[in-house]
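Chemist: sequence plus predicted model, see below.
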Amino acid sequence: GTRLAMFEAGDADYVYVPAQYRPQVEPYYKTMCYMDESCEEGNPDGYIQVHRDLAQPAMTPAQFNWQIDPASPYIGSGGLDGLGIPPDFFNDVHIRRAFNYCFDFDAMIQDALNGEGIQAQGPIIAGMLGYREGEAPLFSYDLAKCEEEFKLADLDHDGIPAGEDDDDVWNTGFYFQVSYNVGNDTRRLASEIMKAGIEAVNPNFAISVVGMPWPVLLNSRRARVLPIYVAGWLEDFHDPHNWVHPFLHSAGGYARVINMTEDLQAEFDALIEEGAALTAIEERRPIYEEIQLKSQEDAVVIWMYQQLARVHLQPWIKGFYFNPAYCALSYSWVYALSKEAP
């Protein structure tokens, strides 16, 4: 609301407009430009210069912590008693798969992304070497399969699946908190879609969505106290290594706080290092496709979405150009801009 008011008043030259709010500003588009640098006129009484349908090299998952610090304030009681979750809650692959099946990817694309995006297939973005062209993502919104996976879990480690065990997760229920960075309403809405799906499959399941200032989210992530948080990756260099390493390698920015099991982490590390050591595209392709598929099969996280970007500028701003390698838009082209008196 503050950003929009500043933009309308002319006090801001450029504002971030979350995808779900774009319909609110579309009536005021004066000029619309596209990736091929073509432009067309919109509302002659509008005031916004928009650059739209921009292919942004970015991907956002909901990231599980497989081994949460027991001191976490975000896991309720910390036990399998309906009032919290145990620290190893997401160490069970059936729990992770259940969360994937309970996530409504179509609602996310339509509501959180305003229809301008796709469901992610794994860490590697569409159009990149290693993306499994022509293959649909393994998970879709399916409450029956979600229930089935929850009932296959064995969180009390007694060898009895939860669907047949009175003191396991399906019957006891759970509670915990999922986090996103305040101000990013796209991630907030994605978190709420996750909450809605999980709570729909079993009335004993409860999740709270918590917005955190970015520094607090980062510090909490490093401290390994967050059960799930929503945060994405922006491309540094155009190669699949720049996607698999951060999310899946033990030294990666996100993977090192996912806390995978040692054997699975070793498998990912070996594949990633093998792919990075090769130079021939056709030798690398099957390795990255294997990583992409494995990351889904093991439900390492919820691979949520890739979205298309829009850049909203005042009409007096000149010099904007789009380069998809500039993923953090405002840090890349800003020095080429100038103001022209209206």
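Modeler: Arrived safely. Residues are numbered from 1 along each chain as shown.
Chemist: please make it C-alpha for all contacts and neighbour counts, starting now.
Modeler: Will do.
Chemist: quick one: low-confidence parts of this structure?
Modeler: Across the chain, residues meeting the criterion (pLDDT under 70) sit at 327-332.
Chemist: helices of that one, residue ranges please.
Modeler: 2-9, 22-25, 93-101, 105-107, 143-152, 169-172, 185-201, 214-222, 241-248, 255-258, 262-277, 281-297 (DSSP state H).
Chemist: what comes up buried for stretch 279-297?
Modeler: Across stretch 279-297, burial judged by 16 or more other Cα atoms under 10 Å covers 284-289, 291-293, 295-296.
Chemist: which one of those is nearest residue 54?
Modeler: The closest of the buried residues of stretch 279-297 to residue 54 turns out to be residue 292 (Cα to Cα; 24.1 Å).
Chemist: isn't that closest one right next to residue 122, touching?
Modeler: Yes - here residue 292 reaches residue 122: they are 5.4 Å apart, a contact under Cα atoms under 8 Å.
Chemist: now the residue nearest to residue 54 when sequence neighbours are not counted: how far from residue 2?
Modeler: Spatial nearest neighbour of residue 54, excluding adjacent residues (Cα to Cα, 6 or more residues apart in numbering): residue 309 at 4.9 Å. Per Cα to Cα, to the nearest Å, residue 309 is found 21 Å from residue 2.
Chemist: so these two - more neighbours on which side?
Modeler: Set residue 309 next to residue 2 and count neighbours by other Cα atoms under 10 Å: residue 309 wins out with 22 against 7.
Chemist: test my guess that residue 50 contacts residue 32.
Modeler: Yes - using Cα under 8 Å, residue 50 is in contact with residue 32, at 5.0 Å.
Chemist: name all residues that make contact with residue 88.
Modeler: Residue 88 is in contact with 66-68, counting by Cα atoms under 8 Å, 6 or more residues apart in numbering.
Chemist: tally of neighbours for residue 261?
Modeler: Residue 261 has 11 neighbouring residues, counting by other Cα under 10 Å.
Chemist: show me what contacts it?
Modeler: By Cα under 8 Å, 6+ apart, the residues touching residue 261 are residue 91.
Chemist: which residues touch the longest strand seen in the chain?
Modeler: In the chain, with assignment by DSSP state E, the single longest strand is strand 302-313. Contact with strand 302-313 is made by 13-17, 48-64, 99-100, 105, 109, 113, 116-123, 125, 296, as judged by Cα under 8 Å, 6+ apart.
Chemist: swap in stretch 105-122?
Modeler: 19-20, 22, 53, 59, 126, 131-132, 136-138, 140-141, 186-187, 189-190, 193, 292-293, 295-296, 303-308.
Chemist: quick check on the closest residue to residue 160 other than its chain neighbours: phi, psi?
Modeler: Of all residues not flanking residue 160 in the chain, residue 154 sits nearest, at 6.4 Å (Cα to Cα, 6+ apart). The phi and psi torsions at residue 154 (degrees, to the nearest 10) take the values phi -140, psi 70.
Chemist: which ones are touching the residue nearest to residue 253 when sequence neighbours are not counted?
Modeler: Residue nearest to residue 253 in three dimensions, not counting chain neighbours: residue 246, with 4.9 Å by Cα to Cα, 6+ apart. Taking Cα under 8 Å, 6+ apart, we find residue 246 in contact with 252-255.
Chemist: out of those residues, which is nearest to residue 170?
Modeler: Nearest to residue 170 among the contacts of residue 246: residue 255, at 28.2 Å, using Cα to Cα.
Chemist: returning to that earlier point: please pick the buried ones from the contacts of strand 302-313.
Modeler: Neighbour counting with 16+ other Cα under 10 Å marks 13-14, 17, 48-64, 99-100, 105, 109, 113, 116-123, 125, 296 as buried within these.
Chemist: in strands, which of those fall?
Modeler: 14, 48-55, 58-64, 117-119.
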